[in-house]
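Trainee: quick one, fold the following:
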Amino acid sequence: MQAQVLGVAQDGGHPQPGCRQNCCTGPRARPHLTTCVAIIDNGRAWLLDAGPDFPRHLAVLDAAGVELAGVLLTHGHMGHYTGLMFLGREAMDTVAIPVWAAPRLAAFLAGNGPWEQLVNSGNIDLCVLDPQEQIPLGERGSAMGFLVPHRDEYSETLGFVVTGPTGSLVYVPDTDSWDGWDPPVEAYVAQADIALLDATFFDHTELPGRNIAEIAHPLVVDSMARFAQLSDEARSKIHFTHLNHSNPLLDTGSDEYIRVARSGMHVASEGDIFDL
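Mentor: Now for the predicted structure:
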């Protein structure tokens, strides 16, 4: 069983529509897909999140001869569930693809168009996932969702712990802060072999003219300072993901990228594969 990173960009992707800044138009800018991880076993894949780049994520799986087995959703922001639309009759017209969502998100999907059409037409099998509940991923793996603090306009927000025959992964693309977790994020890092963690913004200077506190995420500079107390082994598990289009970590030649590498931590990249 393996986990493959299919995308690392925040909800708007990279380059982000409408952005005319150097981060999206400069000579070192290159495209990145929205955040998604595939858990792959025996030619089948379960996707953690289904964002706007869902068709391109599936194209990667198709090229490898891997078929879609199900989708697990973290929350109700556009970069994490809107790709479900491609499962409908206008596109793939799938039959009963399992889609797991926490109770509030499941109720939102079942009670609002156009998502309810996927349920009523049988394109998806909408499964309510209670936090801390273990769900099987094939015969050899499992996933457990757990609540994390985030802006929850339409749903709860989940992180996931995925456990395979030989390893485990924690996936938290969105949270307001590492504070207020119980147990703390460090406990999840300690128990997992790989930790894919929210790194939306590198620091507070990225969005001049906007109050970054209104779109709260843990800043990478603060995460690095917090995780500096961990052992070398623990820090090596951390791979930053969900990068805003303004985030200099999208440029592998940037000083900020080199700074993360020197810290013993990593920046996730499309194509990364981790054995589970």
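
Trainee: distance check, the nearest residue to G43 once chain neighbours are set aside against H57.
Mentor: Leaving aside its chain neighbours, G43 sits nearest to V66 (5.6 Å; criterion: CB to CB, 6 or more residues apart in numbering). For the C-beta atoms, the positions are set from N, CA and C on the backbone; glycine is no exception. Taking CB to CB, to the nearest Å as the measure, V66 falls 11 Å from H57.

Trainee: identify the contacts common to those two.
Mentor: A38 (CB atoms under 8 Å, 6 or more residues apart in numbering).

Trainee: that older thread, quick one: contacts for the residue nearest to G43?
Mentor: For V66, the contacting residues are 38, 40, 43-45, taking CB under 8 Å, 6+ apart as the criterion.

Trainee: of the residues you listed - the most surrounded one?
Mentor: A45 (27 neighbours; other CB atoms under 10 Å).

Trainee: which residues sit against the helix or strand containing that residue?
Mentor: Under the criterion of DSSP states H and E, A45 resides in strand 44-48. Strand 44-48 is contacted by residues 6, 36-39, 54, 57, 61, 66-72, 74, 137-138, 143, 160, 162, 171 when judged by CB under 8 Å, 6+ apart.

Trainee: could you do stretch 18-25 as well?
Mentor: Contacts of stretch 18-25 (CB under 8 Å, 6+ apart): 14-16, 29, 245-248, 250.

Trainee: want to throw the residues you listed into CSV with pLDDT, secondary structure and distance to I273?
Mentor: Putting these into CSV (pLDDT from 0 to 100; DSSP: H, G, I helix; E, B strand; the rest coil; distance: CB to CB, whole Å) gives the following:
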residue, pLDDT, secondary structure, distance to I273
H14, 94, strand, 21
P15, 92, coil, 25
Q16, 90, coil, 27
A29, 79, coil, 25
H245, 93, coil, 25
S246, 92, coil, 28
N247, 95, coil, 23
P248, 95, helix, 25
L250, 95, helix, 20
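
Trainee: please check those and keep the buried ones.
Mentor: By neighbour count, with 16 or more other CB atoms under 10 Å, these hold 14-16, 29, 245-248, 250 as buried.

Trainee: tell me where this protein has helices.
Mentor: 22-25, 54-63, 78-81, 103-111, 115-120, 185-191, 220-227, 232-236, 255-262 (DSSP state H).

Trainee: hey, which of the ones you listed is tucked in deepest?
Mentor: Highest mean neighbour count of these: helix 78-81, a mean of 22 (counted as mean count of other CB atoms under 10 Å).

Trainee: how about the CA coordinates for that one, as PDB?
Mentor: The C-alpha trace of helix 78-81 is given here as PDB (Å, rounded to 0.1, in the frame of the first residue of the first chain):
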ATOM      1  CA  MET A  78     -14.000  24.600  -2.500                       C
ATOM      2  CA  GLY A  79     -10.600  23.000  -2.900                       C
ATOM      3  CA  HIS A  80     -11.600  19.900  -1.100                       C
ATOM      4  CA  TYR A  81     -15.000  18.700  -2.300                       C
END
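
Trainee: make 737 the first number, not 1, from now on.
Mentor: Let's use 737 as the start, then, which means that last one is helix 814-817.

Trainee: how distant is it from the center of its chain?
Mentor: 9 Å (CA atoms, centre = their mean, to the nearest Å).

Trainee: hmm, who's touching that helix?
Mentor: Contacts of helix 814-817 (CB under 8 Å, 6+ apart): 746-749, 770-771, 785-788, 809-811, 837, 841, 845, 909-910.

Trainee: hmm, 7 Å instead?
Mentor: Applying CB atoms under 7 Å, 6 or more residues apart in numbering, the contact partners of helix 814-817 are 746-747, 770-771, 785-788, 809-810.

Trainee: nearest to F938 among those residues?
Mentor: Ranked by distance to F938 (CB to CB), those are led by Q746 at 12.0 Å.

Trainee: just checking, that closest one touches T936?
Mentor: Yes: with contacts counted by CB atoms under 7 Å, Q746 reaches T936, the gap being 5.5 Å.

Trainee: which residues do the two both contact?
Mentor: 978-980.

Trainee: scan the residues you listed and report the most crowded one.
Mentor: Counting neighbours by other CB under 10 Å, H978 leads the shared contacts of Q746 and T936 with 29 neighbours.
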